[in-house]
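Undergrad: Just to be clear, the model below is a prediction. Sequence and coordinates:
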Amino acid sequence: MRSALRRQPDLDLSDMLFRSKADWPKAVATLRKIYDCEMRRACRLALAHPGWRRWVERRINADPDCQAQAERELRRHGVGALIHRENGRLRVRCGA
């Protein structure tokens, strides 16, 4: 599975979605459809893109609904979560 994150087409598609200003649900849905994968895998693919990673970090620290969803992710997946707390802020794990 990790080799798929290193392939350039994944980042090209994530980059295209980011540059086209797709919203997060649309980006994840598109990645799920193209790669026929489950939601967490699609999120990992999107979060491999630095722009999406920054965008998600801003949202989970500023938007109460996004923050609540991030907190659920932390409770549900613990150390395996796509995000973590660092100095009181929610951050995307490197290599999510």
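TA: Structure's in. What do you need?

Undergrad: List phi and psi for the residue located most distally from the centre of the chain.
TA: Largest separation from the mean C-alpha position in the chain: residue 87, at 20.2 Å (CA atoms, centre = their mean). Dihedral angles of residue 87 (phi, psi; degrees, to the nearest 10) stand at phi 50, psi 40.

Undergrad: same question, residue 22
TA: Torsion angles, degrees, to the nearest 10, at residue 22: phi -60, psi 150.

Undergrad: which residues of this protein fall in strands?
TA: 83-86, 89-92 (DSSP state E).

Undergrad: Highest mean neighbour count across the ones you listed, which stretch is it?
TA: Stretch with highest mean neighbour count among the strands of the chain: strand 89-92 (a mean of 17; mean count of other CB atoms under 10 Å). For every residue, glycine as well, the C-beta is placed using N, CA and C.

Undergrad: Minimum distance to residue 35: which of the strands of the chain has it?
TA: Nearest to residue 35, of all the strands of the chain, is strand 89-92, at 19.4 Å by CB to CB.
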